[in-house]
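*Asks:* heads up, no residue letters with this:
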């Protein structure tokens, strides 16, 4: 996934008293396996506070049920909106949820694009990285830190070429899932995993289907059965989506 750290994006991000407009979007329709581009939104739904997240999601559902195309994202930082036991760091200039609502969709060949970046430089220095790992290990002695490299480019691609970056990203990674949103700043995301998809069930209704990057195994019928499985969990295949 192409991602810039929040502090590096801060120069381009709006303040939360400015309305966001999802001027353009590119997304894949999983039902037809086709890419579409969207322009001229009917409206843009935005949640800046935790209390606004659920109403924005409900509004997005209503627009979709009425036949509109709805493209957007929910931030990890919105987690406490669903369960106040969750904790999330927050950059106040990053919206918690944004959805563009569009009347029409155009086919998009997603055939690559043109963009340019300057030299890549570290946005996290070695001392800061080591201090962060030390803090994690000090908080949780059993935690195994995962190596992470955070980099940013300067100067950044021009707004007109952000979509070129997304197209090239998808072409290089061959990721089946991805989205591009032009909100005045650009969100470019490529992912190999299906987080959730609402799948019709044989008996009526629908259920969520998930295909994460890591393997899956259904829960056992008891805690004792679960306890016998941990060594095999990490080897569980990722070949089939799971619907509950």
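*Replies:* Right, received. Where do you want to start? A quick note: this is a predicted structure, and the numbers were derived from the prediction, not measured. Residues are numbered from 1 along each chain as shown.
*Asks:* what helix or strand is the closest residue to residue 106 other than its chain neighbours on?
*Replies:* Leaving aside its sequence neighbours, residue 106 sits nearest to residue 37 (C-beta to C-beta, 6 or more residues apart in numbering; 5.1 Å). No exception for glycine: its C-beta is placed from N, CA and C like everyone else's. Residue 37 belongs to strand 34-39 when elements are defined using DSSP states H and E.
*Asks:* Now do that strand: which elements does it pack against?
*Replies:* Here strand 34-39 is seen to pack against strand 24-29, strand 69-74, strand 97-102, strand 106-107 when contacts are counted using 3 or more C-beta pairs under 8 Å, 6 or more residues apart in numbering; DSSP states H and E.
*Asks:* does the residue nearest to residue 106 really touch residue 23, like I thought?
*Replies:* No - with contact defined as C-beta atoms under 8 Å, residue 37 does not reach residue 23; the gap is 11.5 Å.
*Asks:* Show me what the longest helix along the chain is in contact with.
*Replies:* Secondary structure assigned by DSSP state H gives helix 50-65 as the longest helix of the chain. Applying C-beta atoms under 8 Å, 6 or more residues apart in numbering, the set of residues contacting helix 50-65 from outside is 42-43, 45-47, 70, 72, 74, 78, 80-82, 96-97, 99, 101.
*Asks:* Buried only: go through the residues you listed for me.
*Replies:* With burial judged by 16 or more other C-beta atoms under 10 Å, the buried subset of the contacts of helix 50-65 is 45-47, 70, 72, 74, 78, 81, 96-97, 99, 101.
*Asks:* Pick out whichever of those sits closest to residue 178.
*Replies:* Each of the buried ones among the contacts of helix 50-65 was scored against residue 178 by C-beta to C-beta, and residue 72 proved nearest at 13.5 Å.
*Asks:* Would you mark the buried spots in stretch 73-90?
*Replies:* Residues of stretch 73-90 classed as buried: 73-75, 77-79, 81 (neighbour count, 16+ other C-beta under 10 Å).
*Asks:* got the end-to-end distance for that stretch?
*Replies:* The first residue of stretch 73-90 is 16 Å away from its last residue (C-alpha to C-alpha, to the nearest Å).
*Asks:* which residues sit against that stretch?
*Replies:* Taking C-beta under 8 Å, 6+ apart as the rule, stretch 73-90 contacts 47, 50-51, 53-54, 57, 91, 94-99, 179, 181, 187, 189.
*Asks:* Got a ChimeraX select line for the buried ones in the residues you listed?
*Replies:* A single ChimeraX command is used to select the members of the contacts of stretch 73-90 judged buried by 16+ other C-beta under 10 Å:
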select :47,50,53,57,94,95,96,97,98,99,179,181,187,189
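*Asks:* Between all of the buried ones among the contacts of helix 50-65, which two are separated the most?
*Replies:* 81 and 101, at 20.3 Å, using C-beta to C-beta across these.
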